[in-house]
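In: mind folding the following:
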Amino acid sequence: MMATSDVVLHLLDRAAPQFLGSNIGFRKSGSSFSSRSFERCSKIRVPKCINSLNCLSSTNRSTRIHQFPRINGGEGRYAVTDKLGLLHCKCQSADSVGGLTAEGGNGKWFVDNAKDFNSANGNVRNFLEFETIKELKHDEESYNSNGNSPSNGTIEDVVKKGKSSSIENEAWELLQESVVYYCGSPVGTIAAKDPTSSSVLNYDQVFIRDFIPSGIAFLLKGEYDIVRNFILHTLQLQSWEKTMDCHSPGQGLMPASFKVRTIPLDGDDTATEEVLDPDFGEAAIGRVAPVDSGLWWIILLRAYGKSSGDLSVQERIDVQTGIKMILRLCLADGFDMFPTLLVTDGSCMIDRRMGIHGHPLEIQALFYSALLCAREMLAPEDGSADLLRALNNRLVALSFHIREYYWIDMKKLNEIYRYKTEEYSYDAVNKFNIYPDQISPWLVEWMPKTGGYLIGNLQPAHMDFRFFSLGNLWSIVSNLATADQSHAILDLIEAKWADLVAGMPFKICYPALEGQEWQIITGCDPKNTPWSYHNGGSWPTLLWQLTVACIKMNRPEIAAKAVEDAEKRLSQDKWPEYYDTKKGRFIGKQSRLFQTWSIAGYLVAKQLLANPSAAKVLITEEDSELVNAFSCAISGNPRRKRGPKPSQKTYIV
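Out: Numbering: from 1, shown residues only. From the prediction side, this is the model:
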């Protein structure tokens with residue numbers, strides 16, 4: 001059978017169509033390749049494999065042949081899809097594909113004196129370097145020998161440092177245990193590994209958004225292969241003609257998650273095959289497709305290139321095409337007149353009904369960041385010119401819209417309080433017909449004299465004044481907020497520390513929806529009760545975004561204080577997913593323990609505080625051309641007159 005298959009592949013070598021070329025127009029409804037694919041790795045008695053997609057049919061279903069770029073580079077292989085859209089792949093041994101060996105390829109993906117791991121059963125030994133413990137031991141010996149205080153501070157400081165090192169070591173071990181393997185190589189981390197819970201649900205899957213802090217932690221540690229594998233395998237799962245209940249959400253959609261399944265190989269009881277089974281939202285609670293997955297994927301791709309120095313991944317034709325597909329999906333024309341991205345409730349980290357449908361800040365911040373990252377990575381070619389032009393226009397319009405209309409501080413609040421309504425003109429001050437009565441009593445009392453933030457949402461006659469943490473923090477990181485606004489956001493966090501940080505960093509939003517408002521907006525969601533889960537709960541994973549934002553603004557002491565507060569409880573409480581109550585005092589009532597992104601978020605925060613310069617792989621800066629264009633947009637606003645330099649390019653705002 002193997003010989004026959006090889007002959008078939010050889011004969012079809014010249015006949016197969018090029019897969020994932022630079023022109024994505026072939027993926028229209030008439031495309032022969034099925035969008036809903038399982039990625040399979042067939043194996044006999046579980047041999048060692050590497051991530052090579054040497055694909056052939058293992059069933060007697062009707063098939064289609066496509067040239068498929070191999071993940072580890074080199075010439076393309078062939079993917080055979082059946083009429084059900086299943087992608088069958090048979091991986092070769094690591095020492096027989098493309099000249100790669102386990103030593104030179106994925107067989108050794110821990111570096112910096114990392115110990116070997118058993119790729120067959122997934123056991124990974126501890127690869128940590130206990131430098132902090134060595135330093136602590138040296139200080140203790142110095143103290144015992146001469147009676148003087150340790151060189152790095154008081155005895156109390158040494159004890160705190162030792163405790164912190166112990167927590168970090170535990171976190172690294174737990175992160176290693178969460179690693180998922182496909183064909184013997186690491187491809188991601190599961191969402192949670194809670195031994196106390198019998199209900200797994202989908203927490204045993206690899207979520208794109210959940211893996212981001214894990215991926216950043218591995219990058220900062222110098223472990224690049226797991227991130228590379230994740231990027232390329234999720235790319236192969238990207239939607240082409242994905243359908244859900246007979247509806248097509250559009251080409252370029254990235255899955256919310258995927259799971260590695262081991263199933264018997266058709267027609268052979270002695271063989272099994274591993275399958276990457278993606279979920280695009282059709283199995284999720286609420287059946288909502290993820291908008292943020294593709295945006296996070298682009299951000300992680302850039303971070304991988306900057307951290308590892310390996311730009312060959314982002315330069316691949318299939319990766320370039322994947323970027324373009326995501327951009328075209330996000331930049332597609334529609335009925336919406338705003339430059340912000342219109343999405344439904346539950347399409348991001350807040351994946352349940354919470355009244356964020358429309359233009360939520362979190363999506364806009366990730367969208368802006370992904371546009372900047374994509375512009376930096378897109379290869380200059382004729383096919384990219386129109387896309388880059390549309391991308392630049394959107395960047396200027398989006399930054400102007402968010403900075404001008406989403407910003408709120410005491411000055412802006414006073415202005416809204418005196419708004420005139422029903423204005424009809426191009427130079428209207430109250431452009432979105434916001435009624436002053438929308439200003440909630442809590443906001444009047446809560447807004448500090450100094451500081452401000454970006455509101456959660458803006459639509460006609462509606463401003464969502466809630467403070468959403470991820471959107472504000474990533475607006476700082478991506479430079480969507482101005483420098484003054486970024487400092488003001490951090491000022492507000494310091495001023496409202498007792499509310500936003502409280503007993504456990506960090507509130508996902510503030511305040512919580514309560515009473516009749518909770519009933520109407522959440523639909524009486526029993527999981528999103530006031531000050532729980534997405535409705536004002538505290539999420540330790542937000543530590544890493546807070547740390548990046550603080551480092552960017554040269555105020556790392558804010559993040560350091562939050563991390564210190566978290567260390568008091570995280571390990572003791574077994575790394576919960578979230579905390580409940582207004583002060584974050586209780587472990588969430590439905591919170592998973594040993595939540596991977598709580599663990600990874602803490603590790604990234606610690607790594608960045610120890611080496612702030614490493615944050616540059618996540619931070620994006622505006623170039624002078626964008627700043628100039630934004631200044632021109634400001635000058636066109638009748639409410640504000642400034643003296644910008646004239647722009648040589650035309651931008652639509």
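In: any idea how far residue 356 is from residue 344?
Out: 9 Å (C-beta to C-beta, to the nearest Å). Heads up, the C-betas are built off the backbone N, CA and C, glycines and all.
In: these two: which is more packed in?
Out: Taking neighbours as other C-beta atoms under 10 Å, residue 344 and residue 356 compare with residue 356 leading, 27 against 14.
In: a strand runs through the more buried one, doesn't it?
Out: No: going by DSSP: H, G, I helix; E, B strand; the rest coil, the assignment for residue 356 is coil, not a strand.
In: surely it meets residue 459?
Out: No: taking contacts as C-beta atoms under 8 Å, residue 356 lies outside contact range of residue 459: 10.9 Å.
In: the residue lying closest to residue 524 once chain neighbours are set aside: how many residues sit nearby?
Out: Spatial nearest neighbour of residue 524, excluding adjacent residues (C-beta to C-beta, 6 or more residues apart in numbering): residue 518 at 7.5 Å. Other residues near residue 518 come to 19 when the count uses other C-beta under 10 Å.
In: now do residue 614
Out: 18.
In: quick one: pLDDT of the spatially closest residue to it that is not a sequence neighbour?
Out: Nearest residue to residue 614 in three dimensions, chain neighbours excluded: residue 220, at 5.5 Å (C-beta to C-beta, 6+ apart). At residue 220, the pLDDT value in this model is 98.
In: for residue 164, see how far away residue 220 is.
Out: On the measure of C-beta to C-beta, residue 220 and residue 164 end up 17 Å apart.
In: which one's more surrounded, these two?
Out: When residue 220 and residue 164 are compared for neighbours, residue 220 comes out ahead with 21 against 16, by other C-beta under 10 Å.
In: which secondary structure element is home to the more buried one?
Out: helix 208-221 (DSSP states H and E).
In: do residue 272 as well
Out: Here residue 272 is assigned to strand 268-279, by DSSP H and E.
In: ok, that strand: who's next to it in the sheet?
Out: Sheet pairing of strand 268-279 (DSSP bridges) gives strand 39-44 (antiparallel), strand 257-265 (antiparallel).
In: specify the angle between that strand and helix 208-221 in degrees.
Out: Per axes from the mean of the first three to the mean of the last three C-alpha atoms, to 10 degrees, the angle that strand 268-279 makes with helix 208-221 is 100 degrees.
In: touching, residue 542 and residue 601? I think so.
Out: Yes: counting by C-beta under 8 Å, residue 542 touches residue 601, with 6.8 Å between them.
In: so which residues of the stretch 101-250 of the chain form strands?
Out: For the stretch 101-250 of the chain, strands defined by DSSP state E, counting those that start in this stretch occupy the ranges 179-182, 185-189, 206-207.
In: now swap in the stretch 451-600 of the chain and tell me
Out: According to DSSP E, counting those that start in this stretch, the strands that the stretch 451-600 of the chain contains are 452-459, 462-468, 509-510, 579-580, 586-587.
In: report the strands that pair with the longest one, each with its relative direction.
Out: When pairing is defined by DSSP bridges, strand 452-459 lines up against strand 407-409 (antiparallel), strand 462-468 (antiparallel).
In: looking at those, which is closest to residue 351?
Out: Closest approach to residue 351 among the strands paired with strand 452-459 is made by strand 462-468 (13.9 Å; C-beta to C-beta).
In: between residue 542 and residue 601, tell me which one has more neighbours.
Out: In this view residue 542 and residue 601 are compared by other C-beta under 10 Å, and residue 601 has more residues nearby, 32 against 25.
In: so, low pLDDT: which residues of the stretch 501-650 of the chain?
Out: 629-631, 633-650 (pLDDT under 70).
In: 80 - rerun?
Out: Residue ranges of the stretch 501-650 of the chain with pLDDT under 80: 622-650.
In: can you give me the helices for it?
Out: Taking DSSP state H, counting those that start in this stretch to define them, one finds helices in the stretch 501-650 of the chain at 515-522, 543-552, 556-567, 596-610, 624-635.
In: list the buried residues of the fourth one.
Out: Applying a neighbour-count criterion of 16 or more other C-beta atoms under 10 Å, one finds 596-609 buried in helix 596-610.
In: returning to what we had before: where's the residue nearest to residue 614 relative to residue 627, distance?
Out: Using C-beta to C-beta, residue 220 is found at 30 Å from residue 627.
In: pLDDT weak spots in the chain?
Out: Answering for the chain: the residues below the bar, that is pLDDT under 80, span 1-164, 240-250, 266-269, 283-286, 382-383, 622-653.
In: circling back to that earlier point, out of the helices of the stretch 501-650 of the chain, which comes closest to residue 585?
Out: With C-beta to C-beta as the measure, helix 556-567 is the member of the helices of the stretch 501-650 of the chain nearest residue 585 (12.3 Å).
In: can you pull the buried residues of stretch 352-364?
Out: Result for stretch 352-364 [16+ other C-beta under 10 Å]: buried residues 352-356, 358-364.
In: same deal with stretch 384-398?
Out: So stretch 384-398, judged by 16+ other C-beta under 10 Å, has buried residues 384, 387, 390-398.
In: circling back to that earlier point, what residues are up against the residue nearest to residue 614?
Out: 307, 604, 607-608, 611, 614 (C-beta atoms under 8 Å, 6 or more residues apart in numbering).
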